[in-house]
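Colleague: What shape does this take:
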Amino acid sequence: MFTGSIVALVTPFDATGEIDYLALQKLVAMHLEAGTSGIVVAGSTGESACLHQGELAGLLDAVVGQVAGQIPVIAGTGSSSTEKTMDATQLAESLGASAALVVTPYYNRPTQGGLLAHYRAVADSSNLPIILYNVPGRTGVDLLPETSAELAQHSQIVALKEAVGHEQRTAELLKFCSNDFHLISGDDHSCLRTMELGAQGVISVAANVVPWHFQRMCKAVGQGDLDQARKEDREMRELFDMLMLESNPIPVKWALHELSMCEPGLSLPLTVLSEHHRPALQSCLAKLGVLA
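Modeller: Reported below is the predicted structural model:
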């Protein structure tokens, strides 16, 4: 169910800092047209750490309603608190989300035993499928493969989004993957190689900007056409670099602003892309042929 090109959707804000639902509608429509396989709402790229529960509810209600069952809508419900994560996961279930993407609890830096207890409690708190999310560069804690292997035995835990893009880590994780538990890349730079090794798809930042490229790349991998997949990947390499000029989602928000899809504003403490980075990003978008 959670395979292929899945976008980690940005959360668009208007000039007053409120969610821009018209821009959100445009973004979702673009992904439906492009053949995106799934949408993550309120993940890291959606500024989840700064959203309050009312905003999460509003985003999910809007996206679930617009998608109308055509593709999965995955809610980012993870936080540094187990209780808050359970509350958000139950909310997502009540609003019709297809699954919950649950990042490792940031800042607290729990032990591996703490991670086991956290994820089991969250999985037991609702009927939603749970996708584990490991991104130690942002959270300060690494969900180790042996811990993921234990969690994969839980019937509600169905996948892992892994942002450690090392082949050795991928190989360790694939040992216990099955029809009931998938590995999903969480790193654009290494996603093609991770899928070549056996991952089922990618949850992508860059897919916000070039959803057609990602859809074609994932489809080509699924069909065994690695030459085509590598061609699509090569065309996106510069964009991957540009979207790391500053902390995600600063550059991708600016890229979508250049495409007239949404305003570039973010929730503080994030601020818009520095002026000296903008020409390089604009040049990259022009090469990709996505600028109007």
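Colleague: Let me know the distance separating Glu232 from Met217.
Modeller: Noted for Glu232: a distance of 4 Å to Met217, by Cβ to Cβ, to the nearest Å. Bear in mind the C-beta positions are built from the backbone N, C-alpha and C, glycine included.
Colleague: neighbour-wise, which of the two wins?
Modeller: Taking neighbours as other Cβ atoms under 10 Å, Glu232 and Met217 compare with Met217 leading, 28 against 20.
Colleague: Now do the contacts for the more buried one.
Modeller: 5, 192, 228-229, 232-233, 236 (Cβ atoms under 8 Å, 6 or more residues apart in numbering).
Colleague: so where do the strands sit in the chain?
Modeller: Ranges of strands within the chain are 4-8, 38-41, 73-76, 99-103, 130-134, 157-162, 182-185, 201-204, based on DSSP state E.
Colleague: The longest one pairs with which strands?
Modeller: Which is strand 157-162. strand 130-134 (parallel), strand 182-185 (parallel) (DSSP bridges).
Colleague: The closest residue to Gly4 other than its chain neighbours: neighbour count?
Modeller: Spatially, and ignoring its direct neighbours in sequence, Gly4 is nearest to Ser37 (3.2 Å; Cβ to Cβ, 6 or more residues apart in numbering). Neighbourhood size, Ser37 [other Cβ under 10 Å]: 24.
Colleague: so who does Ser37 touch?
Modeller: Counting by Cβ under 8 Å, 6+ apart, Ser37 has contacts 3-6, 71-72, 201, 215, 218.
Colleague: could you measure it against Met195, distance?
Modeller: 12 Å.
Colleague: Also Val64?
Modeller: In terms of Cβ to Cβ, Val64 sits 27 Å off from Met195.
Colleague: still on that earlier bit, same list (the contacts of Ser37) but as TSV, adding neighbour count, pLDDT and distance to Gln282.
Modeller: Formatted as TSV, those follow (neighbours: other Cβ atoms under 10 Å; pLDDT from 0 to 100; distance: Cβ to Cβ, whole Å):
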residue	neighbour count	pLDDT	distance to Gln282
Thr3	18	94	33
Gly4	21	96	29
Ser5	25	98	24
Ile6	31	98	27
Ile71	20	98	30
Pro72	18	98	33
Gly201	25	96	29
Gln215	20	97	24
Cys218	27	97	27
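Colleague: could I get those residues as a markdown table with distance to Ala280?
Modeller: What follows is these, written out as a markdown table (distance: Cβ to Cβ, whole Å):
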| residue | distance to Ala280 |
| --- | --- |
| Thr3 | 33 |
| Gly4 | 30 |
| Ser5 | 25 |
| Ile6 | 27 |
| Ile71 | 33 |
| Pro72 | 34 |
| Gly201 | 29 |
| Gln215 | 26 |
| Cys218 | 27 |
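Colleague: Nearest to Ser48, out of the residues you listed: which one, please.
Modeller: The shortest approach to Ser48 among those belongs to Ile6, at 15.5 Å (Cβ to Cβ).
Colleague: Now that closest one. Nearest residue, chain neighbours left out?
Modeller: In space, Ile6 is closest to Gly38, 3.9 Å off (Cβ to Cβ, 6+ apart).
Colleague: Tell me which of the contacts of Met217 fall in helices.
Modeller: Assigned to helices by DSSP state H, the following of the contacts of Met217 qualify: 192, 228-229, 232-233, 236.
Colleague: Can you turn the buried part of these into a PyMOL selection?
Modeller: The PyMOL selection below is limited to those of those classed as buried (16 or more other Cβ atoms under 10 Å):
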select buried, resi 192+229+232+233+236
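Colleague: farthest-separated two in the ones in helices among the contacts of Met217?
Modeller: Gln228 and Met236 (13.2 Å).
Colleague: Quickly note the distance from Pro145 to Leu151.
Modeller: 11 Å.
Colleague: Over to Val252?
Modeller: Taking Cβ to Cβ, one finds Val252 at 29 Å from Leu151.
Colleague: Perfect, that will be all.
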